[in-house]
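Peer 1: Predicted structure and sequence below. I'll ask about it afterward.
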Amino acid sequence: MANEREITNITPGYYNTKAQNFRNTVYSLNIALEKKISKLLFDLTPWIEKPITLEQLPLDFDDQVQQWQTEIPGDMTRVVYSMTNFALRKRSSNGMLSNANMPFLNYKLKSITNTTSRKWNNSVRFLKGIYVEGLNRKLRMNPVTLNYQSTFWCNKDEDLQYAYNIMSFETSQEQESRVNFKIEMQNQEIWMLGIITWNLGYEPVYDEKEWLDSNKIHTLTTDFSVQTWMIMDNTDIIVPTSVVFDFAANNNQGNMEYTDALAFTIDHFNEVVTESSDSGDVL
């Protein structure tokens, strides 16, 4: 029988398990993005809890990881994985749109390029890899840019103005917008870094006739790209168990068995979940 780390298979594509390392890296990144977005836009607790002096900025990577681990996300149910054209329909759980669905933000990966604006390309890192202490060996890594389509939705002008103000801090040139996420290889958790570039557009035109007939809607374009790394390795890369459990819990799924939490995670990113198998495939 499959153990708790050998999880439910998804309907296989052409590359099947060969593609899973890339897929799981993107899943882990997306989960971290949803946590960050929910904290920025859907957290109703006071946003300044501990003063930060100028001498403390910018935070180094270890400090950012510690902050990520301890930070409580906002309402992650208001972050929807969907293209903008289908966002309103996907946000509605029963097919009926209402003001209770607002505000929310949709996002979805739309393209990938194997270049970045940063000087990350390195022939040694690409051909021979870099040494990872926890694994006691080298990993080949390639910098990529993942481009996402995203829109913030609300029905009050004041909410739109507040959201734009919050996101303008993320686009400031004074400090980079970053996301830290982790993957797992050979029972070793590895922290990864993503650099986010936002492209904001205040209330662009959007025509959803069924909604506009009876409601006023405001939108903020929040397209973004993430520069990060992809790993080429024969060892399985999985989404850490703790990340899967936290993601389900933060989406109000309650106490779940691992396979149920995993199934929810896969469904969230539009994959089809099939029955468990003994093949040992991982997410």
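Peer 2: Sure, I can see it. Residues are numbered from 1 along each chain as shown.

Peer 1: Any idea how far the longest strand seen in the chain is from the middle of the chain?
Peer 2: Using DSSP state E to define each element, the chain has its longest strand at strand 137-154. Here strand 137-154 is found 9 Å from its chain centre; the criterion is C-alpha atoms, centre = their mean, to the nearest Å.

Peer 1: Sheet partners, orientation included, of that strand?
Peer 2: Strand pairing for strand 137-154, using DSSP bridges, gives strand 104-113 (antiparallel), strand 130-132 (antiparallel), strand 218-232 (antiparallel).

Peer 1: Not counting its own residues, what contacts the shortest one?
Peer 2: Right, strand 130-132. The contact list for strand 130-132 (C-beta atoms under 8 Å, 6 or more residues apart in numbering) reads 137-139, 141, 188, 190. All C-beta atoms are positioned from the backbone trio N, CA, C, and that covers glycine.

Peer 1: Any chance of CSV for those, columns neighbour count, distance to Leu41 and pLDDT?
Peer 2: Output for those, formatted as CSV (neighbours: other C-beta atoms under 10 Å; distance: C-beta to C-beta, whole Å; pLDDT from 0 to 100):
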residue, neighbour count, distance to Leu41, pLDDT
Arg137, 12, 40, 82
Lys138, 14, 39, 85
Leu139, 19, 34, 85
Met141, 20, 31, 84
Gln188, 14, 33, 90
Ile190, 19, 28, 89
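
Peer 1: And the next helix or strand past the helix-or-strand element of the chain with minimal mean pLDDT?
Peer 2: Counting by mean pLDDT, DSSP states H and E, the weakest-scoring helix or strand in the chain turns out to be helix 61-70, with a mean of 49. Following helix 61-70 in sequence order, the next helix or strand is strand 79-81 (DSSP states H and E).

Peer 1: Could you list every helix and strand that the helix or strand hosting Asn21 packs against?
Peer 2: Using DSSP H and E, Asn21 sits in helix 20-41. For helix 20-41, the packing partners by 3 or more C-beta pairs under 8 Å, 6 or more residues apart in numbering; DSSP states H and E come out as strand 79-81, strand 104-113, strand 137-154, helix 157-170, strand 177-185, strand 188-202, strand 218-232, helix 241-250.

Peer 1: Show me what counts as buried in that helix.
Peer 2: By 16 or more other C-beta atoms under 10 Å, the buried positions in helix 20-41 come out as 20-41.

Peer 1: by how many degrees do that helix and strand 177-185 diverge?
Peer 2: Helix 20-41 runs at 140 degrees relative to strand 177-185, counting by axes from the mean of the first three to the mean of the last three C-alpha atoms, to 10 degrees.

Peer 1: and helix 20-41, how far out from the chain's middle?
Peer 2: 2 Å.

Peer 1: May I have it as CSV, with CA atoms only?
Peer 2: Extracted C-alpha coordinates of helix 20-41, given in CSV (Å, rounded to 0.1, in the frame of the first residue of the first chain):
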residue,chain,number,x,y,z
GLN,A,20,6.1,15.9,-11.8
ASN,A,21,9.2,17.8,-10.5
PHE,A,22,8.4,20.9,-12.5
ARG,A,23,4.7,20.6,-11.6
ASN,A,24,5.4,20.2,-7.9
THR,A,25,7.8,23.2,-7.9
VAL,A,26,5.1,25.3,-9.4
TYR,A,27,2.5,24.0,-7.0
SER,A,28,4.7,24.9,-4.0
LEU,A,29,5.3,28.4,-5.5
ASN,A,30,1.6,28.9,-6.1
ILE,A,31,0.7,28.0,-2.5
ALA,A,32,3.3,30.5,-1.2
LEU,A,33,1.9,33.1,-3.6
GLU,A,34,-1.6,32.6,-2.3
LYS,A,35,-0.4,33.0,1.2
LYS,A,36,1.4,36.2,0.4
ILE,A,37,-1.5,37.7,-1.6
SER,A,38,-4.0,36.8,1.1
LYS,A,39,-1.8,38.5,3.7
LEU,A,40,-1.5,41.6,1.6
LEU,A,41,-5.2,42.0,0.5
